[in-house]
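Asks: everything below, folded, please.
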Amino acid sequence: MKTIHYCILIMILIFIVGVGFKEGFFYIPSRQFTITPKETIKIEIELIGWREVTGYSSTIEQCDDTPFITASGERVRHGTIACPWYFPFGTKVLIEDIIYTCEDRMNSRYVHRFDIWFPDEESAIEFGKQILEVKKVELILY
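Replies: Residues are numbered from 1 along each chain as shown. A predicted model of the protein is given here:
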């Protein structure tokens, strides 16, 4: 009778826990594995300087007749920022520990201003106009 109980217990362990039988001993195979990165990521941060940063939302008054589409053709979303013309689309900027992606353009008269997108006008107004430290972030894969 004890042999039947041991056999049932062993079958339950094999089924539930993943216990195996190897070289005469029971073992529990390791569930850990190592991931070897194929690429190394280098992060470069370049100080742009202290710049005027404002907030905007998707309203026709603040944008053109397609307020939810950025100048790059992307839809606005959290992390969207309007940058001066000399920043290529896709450039990452760091402002107050948040990384934004340049997907929209400032009016050409604002050469040193950045404009963070907010989902509603109240949040943009609450953010207001601030002088903040702006840094360019570049991720390099090699």
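Asks: give me the residues contacting the longest strand seen in the chain.
Replies: Using DSSP state E to define each element, the chain has its longest strand at strand 41-57. For strand 41-57, the surrounding residues in contact (Cβ atoms under 8 Å, 6 or more residues apart in numbering) are 62-63, 82, 93-95, 110, 112-121, 123-142. (Glycine included, C-beta is placed from N, CA and C.)
Asks: repeat that for 6 Å
Replies: Contact with strand 41-57 is made by 62, 112-116, 118, 120-121, 124, 127, 129-141, as judged by Cβ atoms under 6 Å, 6 or more residues apart in numbering.
Asks: doesn't residue 135 lie inside a strand?
Replies: Yes. Checked against DSSP: H, G, I helix; E, B strand; the rest coil, residue 135 lies within a strand.
Asks: which residues are in contact with it?
Replies: For residue 135, the contacting residues are 45, 47, 94, by Cβ under 6 Å, 6+ apart.
Asks: so which residues of the chain form helices?
Replies: Remark: helices assigned in the chain by DSSP state H are 2-16, 121-127.
Asks: ok so, going back, within the sheet, what are the partner strands of the longest strand of the chain, with directions?
Replies: Paired with strand 41-57 in the same sheet, following DSSP bridges, are strand 113-118 (parallel), strand 129-141 (antiparallel).
Asks: of all those strands, which lies closest to residue 88?
Replies: Nearest to residue 88 among the strands paired with strand 41-57 is strand 129-141 (10.7 Å), distances taken as Cβ to Cβ.
Asks: quick check: pLDDT value at the residue nearest to residue 80 when sequence neighbours are not counted.
Replies: In this structure, residue 80 finds its nearest non-sequential neighbour in residue 117, 4.1 Å apart by Cβ to Cβ, 6 or more residues apart in numbering. Per-residue pLDDT puts residue 117 at 92.
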